[in-house]
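Student: quick one, fold the following:
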Amino acid sequence: MEKIPCSMIKDLLPLYIDHVLSTETEQFVEAHLQTCENCQKEYETMTHEFVMPAIPKVQEENKKTLLHLKRQIQMKRIIAAMIGAALTIILVLSAYLVYTNVGAVQNFFQENTMVVLREMNTDKNWVPLEVDETGYLNFDTLFCKKEIVVDVASDNAVAFRISDTEGNIIIDNLVIQPGTSASVKELKRNTNYKAEIQTNAEFVCIHFS
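Tutor: Residues are numbered from 1 along each chain as shown. Have a look, this model is predicted:
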């Protein structure tokens, strides 16, 4: 039997594997494979099955991976938001505790000037009120309320008249009963004003805040 060249066998292998050769040709290929190690390896390589993952399966795996990553990102965002909220609460509480318990800080942010008067009888005349050592009323703190309070312990109501340094009356005859307050929002911050009062009482306590 004439020996078939390896190059021809390799060309016939795909047809041999698909069983489309004639019986006689298949026998020639089989006989050659039994004696030729190189062609036998080529045959084994060609008949080796490569199992490729199905496209739907690959898509499902990708979907699971993306979903996992999305959940991780969402969880990180939630954790970051919770940490931010916790830090904000801590800062607010700390600031509030400092504000309410440290006198120097409280005085800086909110004025609470107190004037105590005894045996006052102005006889319906306007009497200058010395609010502080400067003699002026000045709301100069950061978060002043611009409010006048007559303490509940006061014996009688107090009438106020407030004017600017030029003598122009800004607030006229503002009467405040004991235990009540009145807003003076029309007054400007960091501005000096002259305060005058009318009252008839043995004891008066006035707060400016």
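
Student: which secondary element of the protein has the worst mean pLDDT?
Tutor: Scoring the helices and strands of the chain by mean pLDDT, DSSP states H and E places helix 103-109 at the bottom, with a mean of 43.

Student: quick one: contacts of the helix or strand following that helix?
Tutor: Going down the chain from helix 103-109, the next helix or strand is strand 113-121, by DSSP states H and E. Residues outside strand 113-121 that contact it (Cβ atoms under 8 Å, 6 or more residues apart in numbering): 127, 129-132, 197, 199-209. The C-beta positions use only the backbone N, C-alpha and C, and glycine is treated the same way.

Student: if you set the cut-off to 7 Å instead, what comes out?
Tutor: Applying Cβ atoms under 7 Å, 6 or more residues apart in numbering, the contact partners of strand 113-121 are 129, 131-132, 199-208.

Student: equivalent analysis for stretch 163-178, please.
Tutor: Counting by Cβ under 7 Å, 6+ apart, 148, 150-152, 154, 157-162, 182, 184, 186-187, 192-194 sit against stretch 163-178.

Student: give me the buried subset of those residues.
Tutor: 148, 150-151, 154, 157-162, 184, 187, 193-194 (16 or more other Cβ atoms under 10 Å).

Student: could you count how many residues lie near Cys90?
Tutor: Rather than Cys, residue 90 is Ile. When neighbours are defined as other Cβ atoms under 10 Å, Ile90 has 10 of them.

Student: what's the helix or strand for it?
Tutor: Using DSSP H and E, Ile90 falls in helix 55-101.

Student: quick one: list the elements packing against that helix.
Tutor: Applying 3 or more Cβ pairs under 7 Å, 6 or more residues apart in numbering; DSSP states H and E, one finds that helix 55-101 contacts helix 103-109.

Student: tell me the pLDDT at the spatially most central residue of the chain?
Tutor: Closest residue to the average C-alpha location of the chain: Gly84 at 5.7 Å, with Cα atoms, centre = their mean. With respect to pLDDT, Gly84 scores 84.

Student: what's the separation between it and Ile78?
Tutor: 11 Å (Cβ to Cβ, to the nearest Å).

Student: same check on Val204?
Tutor: 58 Å.

Student: neighbour-wise, which of those two wins?
Tutor: For Val204 versus Ile78, the count of surrounding residues by other Cβ under 10 Å is larger for Val204: 23 against 10.

Student: which strands or helices does whichever strand or helix holds the more buried one pack on?
Tutor: Element membership for Val204, per DSSP H and E: strand 200-208. Helices and strands touching strand 200-208, by 3+ Cβ pairs under 7 Å, 6+ apart, are strand 113-121, strand 147-150.
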